[in-house]
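A.B. asks: sequence plus the predicted model coming up.
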Amino acid sequence: MKLAIPSDGKLLSSPVSRSFGRTSYFIVADTEATDFTVIDNAAAAAQGGAGIKAAQSIADSGAEIVVTFHCGQNAADVLKDAGIKILKATAGTAADQIEAFKKGSLQELTEIHAGYHGGHK
Amino acid sequence: MQIAVLSGKGGTGKTFVSVNLAAVCENAVYIDCDVEEPNGFLFLKPKIEKTKTVEVTIPEIDESRCSGCRDCVRFCRFNALAFLKGKPRLFPELCHSCGGCSLICPTKAIREIPRGIGVIEQGASGKLSVLSGTLNSGEATGVPIIRRLIQKIPSGRTAVIDCPPGSSCTVMESIQDADFCLLVAEPTLFGLENLKLAAQLVKSFKKPCGIVINKDTADTELIDRLAEQENIPILLRIPFDRGLARTTARGELAVNSKTYGAIFRDLMKRIRETAGGKS
C-alpha cells in the first residue's frame, strides 16, 4: 500500500507538516518496501488552488492513502475523485505514521475544512 | 470627478464617510464596491430600479474530445483544473476567466460558458444615483463585479466610490479610475498600520489623496505623524461622538443635521481644492 504524508523535511524522520496544500514535501512510502520517494511540493508557492495542485501530484504519484492533519475541501474532492483515502495524522514523524498505519490505528479524517482561500482580499 | 474612499482597515468608517459625502453633492453617484458586504444602501435606502446578474466565463470541457494531454492543467496558474482517472475536472470558483485553457487546448475540447457570481443593483435615492454590487457567498473574487460597477459610472458626474477594506486586488480595481483617493483612518495602532498600506497603494497609483480621521479622540499623534511623513493633508477630523454613533446605528445620514451637513460640504470643497481644480 502506498502512503503519501505531507512533511516538513525529506526524511522518514521528518515531522508531519501541519499543512497539506502548502507543505514543503510529501513523503511517498510503500508499506511493503523500505525505500520511499520525496515529492517537492510545487503547490507550496501557488497563488491559489494549492490544495488542488498538491492533491494532483499525489494522485499522479500512485499513492492510495494520504495521512494528514488537515485537508481542505478542494483537495479532498481531488483525492476522492482519484480514489485516495484520507487518514488523520498523529503527532510525530512520517515514519510514525507508516507504523501507525501498519498497526491499523489511524482514523479516517472526517473534518474537511472549507479552505483558507483568503488570497484575494 | 471620481472620489474613492478607502481605508485599509475595515470598520474605520468608509461607508459612513462615503454616503454622507455623496449625500451633500448635487446630482452625485454613490457606488458601493464593498461587494462582499455592501451596506451603503442601509443609509441611502434607494428605490431599486434595475438588478442585473454579473457573469464571468468559465470553461466547459467536452470529455469526448479531450485527449488527456493536460496542457490546460499545466497552463492554469490558479489551479482551477485537475486531471483525475483519465478525466479533466474543473473547480469553477477558482477560475479567473482568462480563457487560456480554451485557447491552448489542442483538440478544441474546451469552450467558454457564462456563470453568475453576483448582482449589481441600480437605483436612486432622491437626487442621488446609486449602484451596489453583491458577490455570491463562496466566490473567490469580487473583482469582475467591481470592474463592471466602475464601467457603469456615468461620466461628468461626481462619483463617490465606497471601496472594500484591505489594499489588494479589489481595492486596486475600485480606485483605478479615481481622480482622488480619500483615506479614512482611525487613531489606533491597527488603524495606523493599515493606513500605511492603503497610503502606499494610493501613492503607487500616483493619485492625489487626503486623510479623514474618524473617531478622533484627543490623541491622534500616530496618524498625524504619518500624514506629515507621507505629506498627505488631513482634510477632516470627525470627533468621537456618541450622538453621531447613535444616528449611524439608526441607519440615518449624519448630514441631515446642520452641523454635519456643513462639515461634509466643507470636506467636498477641500477635496476639490486638493485634487487640483478637477470638476
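C.D. replies: Everything's here; your move.
A.B. asks: any idea how far apart the tips of stretch B:63-73 sit?
C.D. replies: Counting by Cα to Cα, to the nearest Å, you get 14 Å between the two ends of stretch B:63-73.
A.B. asks: who touches that stretch?
C.D. replies: A:56, B:59, B:61, B:81-83, B:86-88, B:100-101, B:104-110 (Cβ atoms under 8 Å, 6 or more residues apart in numbering or on different chains). Any C-beta I mention is one placed from the backbone N, CA and C, and that applies to glycine too.
A.B. asks: recalculate using a threshold of 10 Å.
C.D. replies: Contacts to stretch B:63-73, defined as Cβ atoms under 10 Å, 6 or more residues apart in numbering or on different chains, come from residues A:52-53, A:56, A:60, B:59, B:61, B:79-83, B:86-90, B:100-110.
A.B. asks: among these, which are in helices?
C.D. replies: A:52-53, A:56, A:60, B:100-104 (DSSP state H).
A.B. asks: sorry, back to before: could you give me the PyMOL syntax to select whichever of the contacts of stretch B:63-73 are buried?
C.D. replies: Those of the contacts of stretch B:63-73 that count as buried under 16 or more other Cβ atoms under 10 Å in any protein chain shown are selected in PyMOL with:
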select buried, (chain A and resi 52+53+56) or (chain B and resi 59+61+79+80+81+82+83+88+89+90+100+101+102+105+109+110)
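A.B. asks: circling back: can I get the ones in helices among the contacts of stretch B:63-73 in a markdown table with pLDDT and distance to B:Glu173?
C.D. replies: Output for the ones in helices among the contacts of stretch B:63-73, formatted as a markdown table (pLDDT from 0 to 100; distance: Cβ to Cβ, whole Å):
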| residue | pLDDT | distance to B:Glu173 |
| --- | --- | --- |
| A:Ile52 | 97 | 25 |
| A:Lys53 | 97 | 26 |
| A:Gln56 | 97 | 30 |
| A:Asp60 | 96 | 36 |
| B:Gly100 | 97 | 20 |
| B:Cys101 | 98 | 23 |
| B:Ser102 | 97 | 24 |
| B:Leu103 | 97 | 24 |
| B:Ile104 | 97 | 26 |
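A.B. asks: now, which of the residues you listed sits nearest B:Val255?
C.D. replies: B:Gly100 (47.7 Å; Cβ to Cβ).
A.B. asks: for chain A, what lies in contact range of chain B?
C.D. replies: Neighbours of chain B within chain A, by Cβ under 10 Å from any Cβ of the partner chain: A:21, A:43, A:46-56, A:59-60, A:73-75, A:77-84, A:114-115, A:117-121.
A.B. asks: narrow those to those in helices?
C.D. replies: A:50-56, A:59-60, A:73-75, A:77-81.
A.B. asks: out of those, which end up buried?
C.D. replies: Buried among those (16+ other Cβ under 10 Å): A:50-56, A:59, A:74-75, A:77-79, A:81.
A.B. asks: distance to B:Glu139 for these - can I get that in TSV?
C.D. replies: Formatted as TSV, these follow (distance: Cβ to Cβ, whole Å):
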residue	distance to B:Glu139
A:Ala50	18
A:Gly51	17
A:Ile52	17
A:Lys53	20
A:Ala54	22
A:Ala55	21
A:Gln56	23
A:Ala59	26
A:Asn74	14
A:Ala75	19
A:Asp77	17
A:Val78	20
A:Leu79	23
A:Asp81	22
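A.B. asks: ok, so of the residues you listed, who is nearest A:Val67?
C.D. replies: Using Cβ to Cβ, those come closest to A:Val67 at A:Leu79, 11.8 Å.
A.B. asks: can you name the residue of chain A nearest chain B?
C.D. replies: Proximity to chain B, evaluated over chain A using Cβ to the nearest Cβ, is greatest for A:Gly49 at 2.6 Å.
A.B. asks: check contacts around that residue.
C.D. replies: Here A:Gly49 is in contact with A:21, A:43, A:55-56, A:74-75, A:78, A:115, A:117, A:119, B:76-82, B:91, B:93-95, B:140 (Cβ under 10 Å, 6+ apart).
A.B. asks: can you rerun that using 6 Å?
C.D. replies: If you count contacts by Cβ atoms under 6 Å, 6 or more residues apart in numbering or on different chains, A:Gly49 has them with B:78-79, B:94.
A.B. asks: show the pLDDT at residue 110.
C.D. replies: No chain in the question, so chain A it is. At A:Thr110, the pLDDT value in this model is 89.
A.B. asks: wrong one, chain B
C.D. replies: 98.
A.B. asks: in the helix or strand hosting B:Leu226, what's buried?
C.D. replies: If you go by DSSP states H and E, B:Leu226 is part of helix B:221-230. Neighbour-count burial for helix B:221-230 flags B:222-223, B:226-227, B:230 (criterion: 16+ other Cβ under 10 Å).
A.B. asks: stretch B:17-25 too?
C.D. replies: B:17-25.
A.B. asks: now swap in stretch B:179-198 and tell me
C.D. replies: B:179-188, B:191-192, B:194-198.
A.B. asks: one step back: could you list which of the contacts of A:Gly49 also contact chain A?
C.D. replies: Contacts with chain A are made by B:78-79, B:94 out of the contacts of A:Gly49, judged by Cβ under 6 Å from any Cβ of the partner chain.
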